[in-house]
Structures are given as C-alpha cells and as structure tokens.
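1. from the sequence below, what's the structure:
(chains A, B, C and D)
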Number of protein chains: 2
Amino acid sequence: MKDIAQRAGVSESAVSFALNDRPGVSEITRDRVRRVAEQLGWRPSTAARQLSGEGAATVGLVVARPADTLGVDSFFLQLISGIQEVLAERHLGLLFQVVEDVADECAVYRRWWAEHRVDGVMVVDPRTDDPRPDLLEELGLPAVVIGGVPDAGHPGISTVWADDAGAMAALVDELYALGHRRIVHIAGLPGLAHTERRIRTLRAEAERRGLTEVRSVPTDYSDAEGAAVTRRVLESGTPPTALVYDNDVMAVAGVAAATELGFLVPGDVSVVAWEDSPLCRMVKPWLSALSRDTVQFGRTAAQELTALLDGGPARTVQVPVPRLIERESTGPCGA
Amino acid sequence: MKDIAQRAGVSESAVSFALNDRPGVSEITRDRVRRVAEQLGWRPSTAARQLSGEGAATVGLVVARPADTLGVDSFFLQLISGIQEVLAERHLGLLFQVVEDVADECAVYRRWWAEHRVDGVMVVDPRTDDPRPDLLEELGLPAVVIGGVPDAGHPGISTVWADDAGAMAALVDELYALGHRRIVHIAGLPGLAHTERRIRTLRAEAERRGLTEVRSVPTDYSDAEGAAVTRRVLESGTPPTALVYDNDVMAVAGVAAATELGFLVPGDVSVVAWEDSPLCRMVKPWLSALSRDTVQFGRTAAQELTALLDGGPARTVQVPVPRLIERESTGPCGA
DNA sequence: ATCGATCACTAATGCGCTTTAGATTGCCTC
DNA sequence: GAGGCAATCTAAAGCGCATTAGTGATCGAT
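-> Coordinates of the predicted model:
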C-alpha cells in the first residue's frame, strides 16, 4: 500500500479511501489509485484488515464424522460446492475441518472464536440435544444450522431446513396407496435430528392409519449395516413389503442383499432411497429416490450466513421438500 | 494479552516470551503466565500474529471440478480426512475452495498469495502441461503436488506420488496371465497426468507383448460415459475380454451395462476398478479393484507440506503402489 | 476584502502481537 | 568496593491496514 501511495503520489490514507469507496478523495485520484493498485496486483492483507476491525473474511465448516463414513456420501461435497458458489462471490474463504465427534467440534469452534479465525460458521448434522447452538450463541458467533428444525431459542442463529416430516408423510401416503402395509425404515444415525424426525413421523403416520407392522431401525449409514438390517428384516416371519433407506448407499447395499436372499425388487419388496445420486441409476433395478437439490441447499445456507454477517436478523428458511422420483424399485404390493 | 499481563503482574512482552517458550523470563513467571492464560482461555489472534511476521497458520486446497462430477468420488473426502489429521496436530487451518477450472484455480492462488491468506497449498489433479507448479514457484508459495510425477524442475515444490505406471504394468501382467488378450481401458479425464501415464504404460505393455487389441478410451469419469463406452466396445465386432475402469463409479456402471447386454461378468468379460471403495462390494459380482490407502495418502502429503513450511527441502516421496484386490469380477479368459 | 463552509488530502493513532533495544537487579571477581 | 556480566524484566517500535482528527486550499456569500 505504501508502494501504491508513492507511485500515485498521495498518502496512504488517500489510498485507503480510494480503494474502499470512501469519501475524501476526488474521482480522478480515486481512478489513478485504482489503476496503480490493479497494475501492482495489490490485494489487502486479510490479517491487517482484520486487525483493524474488519472481519476475518472467512467462515468455518466442521464436520464431525469418522473418515470412513465420510467418503461414501456424495452429500457433503455437493453441499460444499453450493456454499462455495456464494462465498466465492464475496471473496469469503471457507475454513474446513473434519473431526471425530461433536465434543471436538465444539473445541474447534472455541478455538476459532478465540483466534478470531472466522466470522461465522455453518453447522451440519444437527442433533437432538445439540450442544452447538448454545455454545455458538454464547460465543456470539453467527451461525446457520443446516438441516435443523426451526428453533426459536437462539436469536443469533439461522436455520435452513427441509421438511423431512412432510416428505415422510407423503412417502407413506404413496406406499399406502400402492398397498403396502408392512414397512421398514432403515434409518440413519440415532442422534441426528432429522433421523429422529423421520422416525417420529413414520410412527405417527402408521398410528393414524392403524398400521402395526411399521417400524424404524437405526443404523450408522454404512453399506454394511444397511445390508445386515435388510437381511434380518427380510428373514423374519412376516417380511416387510416396502423398505425405506435413509441414504442411497444403504439402499443399494440393501437391494443387493435382498436380491441375494431371493427377493424380487420391486415384485416382493419395494425400495426407496432417501437421497438421490448417480448411484441410484447405477444398479438394476434403478432406485426410486427422494431427491433434492443439495447444491442449492448449500447456496441457500451460505446466503443466510452472509446475510447474518451483514448484520441481518436470524431467519428460518425452508428449502423445497424432497420429491419422490419413481424409478424401477417401487411398485404395488404383491403380498 | 493485556489482561493476562495485568493479572500476572508483568508486562505484555513478558507474557509473549512466556507463552512462546522464548528465553528472557524465569520459570516461575512463565508458569504463572501460562496458568493465567489457560484460565482466561486465551488464544493468540492469528491476524495479529501473522501481521508480526509469523505465517497465516493456514494451508490451502483448491479442487477444480464441476460440482456434479465432484460428489460421486469418495477420493477427495478421504484425502482431506488424512490431510486434516496432520494439520490438526499443528493447529493449521485448511482453507478449502472448489472452482470450475484450472484458470480459476490459478486466480485463487494469486489471490491467496496477495492476501497472505495461506502459508502453502496442496495441489491435486496434476495435469500434463500444468501451469500451476510454475505459478506457485513464481509466487514462492510452498506447495506439494498430490499424485504428480517426480518433477525436478521446481525446487520449491514437493511431490507425493503413487506409481501408476508400475501398477498398470502389474495389472496387465495379471490379466495376461489369465489369458486376456483384448483389453479396453476406460480411462479418466484426458488432461490429467495420471490418466496419460496409465494410457502410455498400457500401450507400452501391449506393444511389448505384441498385443494389438488393447486400447484406452478417455472419459469424464462419470457413470454415464462409463456405461456408454462399455456398451460401445462390447457391441463392436470383437469385444474385449477385460475392462479396466479408471474409477469405481464407472466400473459399477459398466458392469450394469454389460450385464444388460447379456455379457456375464467375469465369464465373458473381466472387470477391474482402479480405486477401491465400499461401492465395489455393493454390487454383484463384487468388483476386483486396485486399492490404496487414500487417507494415508493425504497424511503423507500434509506431512510433506508441513516439512516444507518448517523450512525443509522439497522432496519427492512415493506412496505404496496400489494393490489389486481380487474379488469376483475377474477370472480366466473364456473367449 | 472577510468569514464560514466545503472539499481534497495528510498526519497520527490503534488493532494484538513479536521483537529489539534498553533498564534494573543481583552476583561474582579481583 | 568498583567493574563486569548474566538473568529477568520493561519500553517501544513495527507489521498493514482503517479511521479520526487535523491542515490547507478553494469557493460562495456577505
């Protein structure tokens, strides 16, 4: 900046004014300074900028999952792509970290906060009894919870959510209409908020219709557990006629397991994957799936966070309900 | 820090000395200061620290791939997990960005450099005629190229690489021993260094053995192209008896396509996936695959980068050659 | 011709930390 | 007991930027 000031023949302050669109310099000086800066390829040092009051120009994202369960999911990278699109426009950096569990995650937030490393964070995989919103509220770190439930208790925190409950209800409607009465929901991790929401909704819908042979079985999202649970429920006395998997990976593994056991899909048992991906069209039969625009989800979340950083109020915004794409793995109940 | 100084009854400089293990302060004072700092949950502001000469305590990673081809791969998140393990130990942050193409990627490096945002970067997906090493060398940004070829031309840049050529040669050996003479390699993106290396090696190995019906077909790594190419080559006059896919996703899609066409795997055609993942055990027949420890790959790369940041010399380190896991999709040539 | 007001700019301060150059003390040596 | 030296601490400068207070100069109004 000193260089610029010298070459443009003005003081450093003038340069600062010129480049930040602040009043106090004439248009012609401003132009001259701009040109010199451009020519020198100058960019403000984020450190210096931050030290003098501006933010860190960075938002944080930490995901708490063990390395091996992380890779299979296409969800995260899609989400991140969407987030990046928005952040890149504003030249905000994304500080990314993967940790083992929520306790570590909280530690990371504390550190980031103490080191002034981030201006805000995005929280994924919200849980029941989640300590994170409280912590972030306490630290005063702007945050948006991705995939949470509307939550009035935290005025500084935005929520971006999809109506899992509605989607589940619609899905049960659909399966019911096809004649299915025995449904097993191979759910995801028990502690996760959306898992619990889906489980609760399924139970409520079943009760409403007087269905007794409807249940959820929590898993760890892995193909191994997906296959294992599938085998277990299909080999029971009265096997279900419809299986709903909480992710694409388990659904694919489940279909393979069912086929091996001699069950026809969708003849003997219908299968729905919650989360669409290329995977669903890579196996035969093609999997019917609940699809949503994950990239857009990320965009929306990032927009909410930037709005928060701009001093806007915390909001709760809903993204479109996942839509059922019917492919080949669902059909009328045969049993 | 002012707080700490006050409460410990010493000057700010003494605090700095104490907390940075610098001489100039007695052990008892050092302990006292440490205790106060701990109690206050103090962490140095990275910005201030950076401004006074230390680095940014951050390394950068940018991946240049369109959003949709990004998600299917389990490679990246695994790699990042490994990287994180090493970075977390040293409290280094990871600044992550996804962009459209290499030109954008270069722009990001320039910006990061100008803004002093990162101390070093990790470069993935090295290409033939890659502009990035030159640029990074010019900027003086420490870097490690992940999956590159040993490259003597850039003294400031480390390389971590796997011997794709050796793996390909071994694979051809294996297939040749099984009696396969017509092999098609469904390759990845043409510009990528490892793609070219695999293609060249395959051609060389074929020539060495006088095999004329061996070739590579480049693709974009997508399941769609994988399936399309599979159909095309299998429907040609003399179909290959062995297919080698450059990633797991295409291999799975390819098997599905082959099966649909009435080809038995491995009876009519053997299939090998280059890159192992849960996917390979989610389809029947289970896919034989070249497996490597991607998390470890990330760890190694991160270690090289931290070594570079510590002022060590640039090195070229090789990770273990991918190992062929024979499952159910490979067998003796039937034709 | 004088005054206040506006404009274009400069000087100086502070952000939180590291670091260099002192300042003070105690201790040893001859 | 004076000089020297090491140990321990403090004062002050500087990193690159934003910002506030201050300085001239120009202009319109009286």
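
2. which SSE is immediately downstream of the lowest-mean-pLDDT helix or strand in chain A?
-> Within chain A, no helix or strand scores below helix A:67-71, which has a mean of 69 by mean pLDDT, DSSP states H and E. Using DSSP states H and E, the helix or strand that follows helix A:67-71 in sequence is helix A:75-89.

3. what is the mean pLDDT for that following helix?
-> The pLDDT scores in helix A:75-89 average 92.

4. need the pLDDT of the residue in chain A that DNA strand D sits nearest to.
-> In chain A, no residue comes nearer to DNA strand D than A:Met1, which is 2.9 Å away by Cβ to the nearest atom of the strand. Yep, even glycine has a C-beta here, placed from its N, CA and C like the rest. On pLDDT, A:Met1 comes in at 82.

5. the one 10 residues further on too?
-> A:Ser11 is assigned a predicted lDDT (pLDDT) of 89.

6. what helix or strand is the closest residue to it other than its chain neighbours on?
-> Of all residues not flanking A:Ser11 in the chain, A:Ala5 sits nearest, at 5.9 Å (Cβ to Cβ, 6 or more residues apart in numbering or on different chains). Element membership of A:Ala5, judged by DSSP H and E, is helix A:2-8.

7. so what touches that helix?
-> A:Ser11, A:Glu12, A:Ala14, A:Val15, A:Thr29, A:Arg32, A:Val33, A:Val36, A:Ala37, A:Leu40, A:Trp42 (Cβ atoms under 8 Å, 6 or more residues apart in numbering or on different chains).

8. could you list the low-confidence segments of chain A?
-> Scanning chain A for pLDDT under 70 picks out the ranges A:68, A:71-72, A:335.

9. so which residues on it come close to DNA strand D?
-> A:1-2, A:12-13, A:16-17, A:19-20, A:22, A:24, A:42, A:44-45, A:48-49, A:51-54 (Cβ under 7 Å from any atom of the strand).

10. ok, and which of those reach DNA strand C?
-> Restricting the residues of chain A next to DNA strand D to contacts with DNA strand C (Cβ under 7 Å from any atom of the strand) yields A:Glu12, A:Ser13, A:Phe17, A:Gly24, A:Ala48, A:Leu51, A:Ser52, A:Gly53.

11. can you give the domain ranges for chain A?
-> Chain A breaks down into these domains under automatic domain parsing: A:2-43, A:58-163+A:294-321, A:164-291.

12. could I get those domains in TSV, plus columns for mean neighbour count?
-> TSV is the format used below for these (neighbours: other Cβ atoms under 10 Å in any protein chain shown):
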stretch	mean neighbour count
domain A:2-43	15
domain A:58-163+A:294-321	19
domain A:164-291	20
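
13. ranges for the strands of the stretch 151-300 of chain A?
-> A:157-162, A:183-187, A:214-218, A:242-245, A:270-274, A:288-291 (DSSP state E, counting those that start in this stretch).

14. nearest to A:Ala302, out of these?
-> strand A:157-162 (9.4 Å; Cβ to Cβ).

15. so what's A:Ala302 up against?
-> A:Val59, A:Gly82, A:Ile83, A:Gln84, A:Glu85, A:Val86, A:Leu87, A:Met122.

16. ok, and the closest non-adjacent residue to it?
-> A:Val86 (3.6 Å).

17. quick one: the one you found from B:Gly60, how far?
-> 19 Å (Cβ to Cβ, to the nearest Å).

18. what does stretch A:104-122 rub up against?
-> A:50, A:55-62, A:64, A:83, A:92, A:95, A:97, A:99, A:131-132, A:135-136, A:139, A:141-144, A:146, A:301-302, A:305, A:308-309, B:41-47, B:91, B:93.

19. mind exporting stretch A:45-61 as CSV, just the C-alpha atoms?
-> Output of stretch A:45-61 as CSV, limited to C-alpha atoms (Å, rounded to 0.1, in the frame of the first residue of the first chain):
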residue,chain,number,x,y,z
SER,A,45,-3.7,-8.3,3.6
THR,A,46,-6.6,-10.0,5.4
ALA,A,47,-4.6,-10.1,8.6
ALA,A,48,-4.0,-6.3,8.7
ARG,A,49,-7.6,-5.7,7.6
GLN,A,50,-8.9,-7.9,10.3
LEU,A,51,-6.7,-6.3,12.9
SER,A,52,-8.2,-3.0,12.2
GLY,A,53,-11.7,-4.0,12.8
GLU,A,54,-12.9,-5.8,9.7
GLY,A,55,-13.8,-9.5,10.0
ALA,A,56,-11.7,-12.4,9.1
ALA,A,57,-13.4,-12.8,5.7
THR,A,58,-13.7,-16.4,6.5
VAL,A,59,-16.5,-18.8,7.5
GLY,A,60,-16.0,-22.1,9.1
LEU,A,61,-17.4,-25.5,8.5
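
20. pull out the buried positions in it.
-> A:45-51, A:55-61 (16 or more other Cβ atoms under 10 Å in any protein chain shown).

21. now do the strands in the stretch 1-150 of chain A.
-> A:58-64, A:93-99, A:120-123, A:143-146.

22. keeping just the C-alphas, turn the second one into CSV.
-> Presented in CSV, the C-alpha positions along strand A:93-99 are these (Å, rounded to 0.1, in the frame of the first residue of the first chain):
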residue,chain,number,x,y,z
GLY,A,93,-12.8,-18.1,2.5
LEU,A,94,-14.1,-21.4,3.8
LEU,A,95,-12.1,-22.9,6.6
PHE,A,96,-12.9,-26.6,6.7
GLN,A,97,-12.2,-29.1,9.3
VAL,A,98,-13.2,-32.7,9.9
VAL,A,99,-13.2,-34.1,13.4
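
23. what's the angle from that strand to strand B:58-64?
-> Angle, strand A:93-99 to strand B:58-64, by axes from the mean of the first three to the mean of the last three Cα atoms, to 10 degrees: 100 degrees.
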